[in-house]
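Chemist: please work out how this folds:
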Amino acid sequence: MNAPLPEPMFEPFHSDGDGYDTDVVVVGLGPAGGVAATALATYGVRVHAATVFPWVANGPRAHITNQRAVEVLRDLGLEEAARQQATPWEQMGDTLFTTSLAGEEILRLQTWGTGDQRYGDYVKGSPCTMLDLPQPLMEPLLLNAAASRGAILSFNTEYLDHTQDEDGVTVKFRDGRTGQVFTQRARYLLGFDGARSRIVEQLGLPLEGELARAGTAYIRFKANLTQYVEHRPSILYWIFNSEAGFGEIGMGLLRAIRPWEEWIAGWGFDMAAGEPDLSDDKVIERIRTLVGDPDLQPEIVTKSLWYVNQQHASRYSKGRVFCGGDAVHRHPPSSGLGSNTSMQDAFNLAWKIAFAVKGYAGPGLLESYTDERAPVGKQVVARANQSRKDYAGLREWFDHDSDDPVAAGLVGLKAPTPEGVALRSRLYEALELKNTEFNAQGIELNQRYASSAVLVDDTVGEEEWPRHPELYLQATTRPGAKLPHAWLVGADGRRISTLDVTGKGQLTLLTGIAGSAWKDAAAELELPFLRTVVIGEPGALDPYGYWEQVRDVPEPGALLVRPDGYVAWRHNAEVWDIDEASRLLEDALDVLLDRPEHQPARGPIATGQQYSTCSVDITVPMHTPDTAHA
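Modeler: Below is the predicted model of the structure:
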């Protein structure tokens, strides 16, 4: 007779008597799933995040981390850890267009805001710089934070199916190691399961666009190319080369993964002719051509093909199931918008899910997710694909009637003739157009939300855009816009951003010293999810006057900032009466949160860190060396 099994050493899914194994199930542990799991655990929500894979991404994949994504990491307390592992901003941007790394250089473009003409815009727009952090480094950073804050993470766990009802979702999994099928009951299911999303397919979410409209070969290799690039550091080097001139981009690419010894070589191929020859000999020959070194001995690490997608979902949810990331917007890496947009999807959704779980908000708040993020997904899919097409002007000087279009075209490009002048002028125009891919701070930070979670300011008209909205950030406190960054001074005398005194899982009421009515009104409400920050008081001083310049409301006015850093509501007039402030604030909260009447919250958000797992004491047996035979 078998002895009874011992009690479990650890209880991953404790029961609190509510009928749920966990509050939220997250499927997928890429950048989107990682942010969702980390944020939810940080907010004190029970979360189980699962992936079919045995570990994190096995290739560099996404790498550009824009200012908004770094702001997400900053809010989650992970910015510094990311910075320690990333290629720093100053090494990202002297992007070359050349015949090979060792060959004739044609153009350079200072990219990602590193150039003289744009550096100040980027510094002024955010407390965070851009970073280059490849996905295999980003994912462990997020997963470590999620697990350490209480999320339960499961690898080798395949999502199969789900059923949902009015009260929750029953999710079916298969353990990839044993084949055992099991179910789990949760309040909500989040599908961040990638471009081949099973959850999107099962929900029948409407998708627009096309898949696999172009093909690209990517070869990861190791070689020390320091002598070619150290004096002109970048993460992207574009190669005008007749051997790699196929497709929309029509250039080869060398991408620095870890400067300057680990790389990706990329080039387009004709899908109609079948898959390209990726034998070692062919690949090494192509890499040597791109580098311009016939004796180079690259170490081939991996070979892969990927396909250019142009597809987005027009709806991101159905019932209690919500999708995001590559599952709902599928596009090439041009413009570096993929993982950044995915992380922002998760950050937008996580606080809303947390508020719903805790009883702070009604179902209307969750409906705002599609309204806010689906237009962004549509925009970035179009932008990424347009960025590929915009390379055409950079190749107009090619001589396609020659056996070597690049070499022959260079003769005409450098000619001291009227024709040469025209070619060079057109080339610089084409280079200027590429700023919409490589210096597009507006695309990254100018997103505007219109939903039930944003209350329109009727005191102002439609927003006007005096500068190019894709290139330049337009900071504003209009509801639906990201809260502007402005340096304040904290209690310890150090600079802090307006982004640092907001967020962190709570709504923030921002006012000035003259806004005491707002401060008192918020205090009377005693809402666990609402903090008040008075700019001008100790802890949030404005000695530079930077906040004064961007707040757009009078000092006795008020802003209500969401946990994701977006302005939800503002009162663009002076208020001195507490009763008036209370009425205005409560009315705004009722609409914003779709607050359920007479429904008690399920528990306050603690000021310290919260954990979503049940604490179970674990006795670890001590191993003592056997000294008897020493």
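
Chemist: mean confidence for the helix or strand where residue 201 lies?
Modeler: For residue 201, the host element (DSSP states H and E) is helix 198-203. When pLDDT is averaged over helix 198-203, the result is 98.

Chemist: whatever helix or strand comes next after that helix pairs with which strands?
Modeler: As assigned by DSSP H and E, the chain's next helix or strand after helix 198-203 is strand 207-222. Strand 207-222 has its sheet partners listed here by DSSP bridges as strand 262-269 (antiparallel), strand 299-313 (antiparallel).

Chemist: for the nearest residue to residue 405 once chain neighbours are set aside, helix, strand, or coil?
Modeler: Distances taken as CB to CB, 6 or more residues apart in numbering place residue 398 nearest to residue 405, at 4.1 Å, with adjacent residues excluded. (Glycine included, C-beta is placed from N, CA and C.) At residue 398 the chain is in coil, as set by DSSP: H, G, I helix; E, B strand; the rest coil.

Chemist: hang on, residue 493 in a strand?
Modeler: No: read with three-state DSSP, residue 493 is coil and lies in no strand.

Chemist: what's the pLDDT at it?
Modeler: 96.

Chemist: tell me how far it lies from residue 429.
Modeler: 49 Å (CB to CB, to the nearest Å).

Chemist: out of these two, which sits in the more crowded spot?
Modeler: Under the criterion of other CB atoms under 10 Å, the comparison of residue 493 against residue 429 puts residue 429 first, with 12 against 7.

Chemist: check contacts around that one.
Modeler: residue 393 (CB atoms under 8 Å, 6 or more residues apart in numbering).

Chemist: got the buried residues for the host helix or strand of it?
Modeler: In the assignment (DSSP H and E), residue 429 maps to helix 418-433. Under the neighbour-count criterion of 16 or more other CB atoms under 10 Å, helix 418-433 has 423, 427, 430-431 buried.

Chemist: for stretch 351-365, same thing?
Modeler: By neighbour count on 16+ other CB under 10 Å, the buried set for stretch 351-365 is 351-358, 360-362, 364-365.

Chemist: TSV for those, including distance to residue 297?
Modeler: Listed next are the buried residues of stretch 351-365 as TSV, based on distance: CB to CB, whole Å:
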residue	distance to residue 297
351	51
352	53
353	51
354	53
355	57
356	57
357	56
358	59
360	60
361	60
362	63
364	62
365	58
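
Chemist: against residue 512, how distant is the residue nearest to residue 467 when sequence neighbours are not counted?
Modeler: Nearest non-adjacent residue to residue 467, counting by CB to CB, 6+ apart: residue 474, 7.1 Å away. Computed as CB to CB, the residue 474 to residue 512 distance reads 23 Å.

Chemist: count of neighbours near residue 195?
Modeler: 17.

Chemist: from here on, call the first residue 24.
Modeler: Noted, 24 is the first residue going forward, which turns the last one into residue 218.

Chemist: distance of it from residue 89?
Modeler: 20 Å.

Chemist: go on, residue 181?
Modeler: Distance from residue 181 to residue 89, by CB to CB: 32 Å.

Chemist: the two: who's more crowded?
Modeler: residue 89 (28 against 18).

Chemist: thought residue 151 was touching the more buried one, still the case?
Modeler: No: using CB atoms under 8 Å, residue 89 is not in contact with residue 151; the gap is 9.0 Å.

Chemist: partner strands of the strand or helix carrying residue 176, parallel or antiparallel?
Modeler: Taking DSSP H and E as the criterion, the element that holds residue 176 is strand 175-177. Neighbouring strands of strand 175-177 in its sheet, by DSSP bridges, are strand 70-73 (parallel).

Chemist: C-terminal to the strand it pairs with, what's the next element?
Modeler: Once strand 70-73 ends, the next helix or strand along the chain (criterion: DSSP H and E) is strand 87-88.

Chemist: helices along the stretch 24-173 of the chain, start to end?
Modeler: 54-65, 90-98, 102-108, 142-148, 158-171 (DSSP state H, counting those that start in this stretch).

Chemist: now the third one, how far from the centre of its chain.
Modeler: The reference is to helix 102-108. 15 Å (CA atoms, centre = their mean, to the nearest Å).

Chemist: other SSEs contacting that helix?
Modeler: helix 90-98, helix 158-171 (3 or more CB pairs under 8 Å, 6 or more residues apart in numbering; DSSP states H and E).

Chemist: and for the longest one?
Modeler: In terms of contact count using 3+ CB pairs under 8 Å, 6+ apart, helix 158-171 is assigned the packing partners helix 54-65, helix 102-108, strand 175-177.

Chemist: got the angle for the longest one vs helix 158-171?
Modeler: In this structure, helix 54-65 runs at an angle of 20 degrees to helix 158-171, with axes from the mean of the first three to the mean of the last three CA atoms, to 10 degrees as the basis.

Chemist: now the angle from helix 54-65 to helix 90-98?
Modeler: 30 degrees.

Chemist: before we move on, back to that, what number of residues lie near the residue nearest to residue 490?
Modeler: For residue 497, the count of nearby residues is 20 (other CB under 10 Å).

Chemist: that one in helix, strand or coil?
Modeler: Look at residue 497: counting by three-state DSSP, its state is coil.

Chemist: wait, residue 353 sits on residue 333?
Modeler: Yes: using CB under 8 Å, residue 353 makes contact with residue 333 at a distance of 7.5 Å.

Chemist: quick one: low-confidence residue ranges for this protein.
Modeler: For the chain, applying pLDDT under 70 flags the ranges 24, 37-39, 619-653.

Chemist: 80 instead?
Modeler: Along the chain, the model assigns pLDDT under 80 to residues 24-26, 31-40, 266-270, 619-653.
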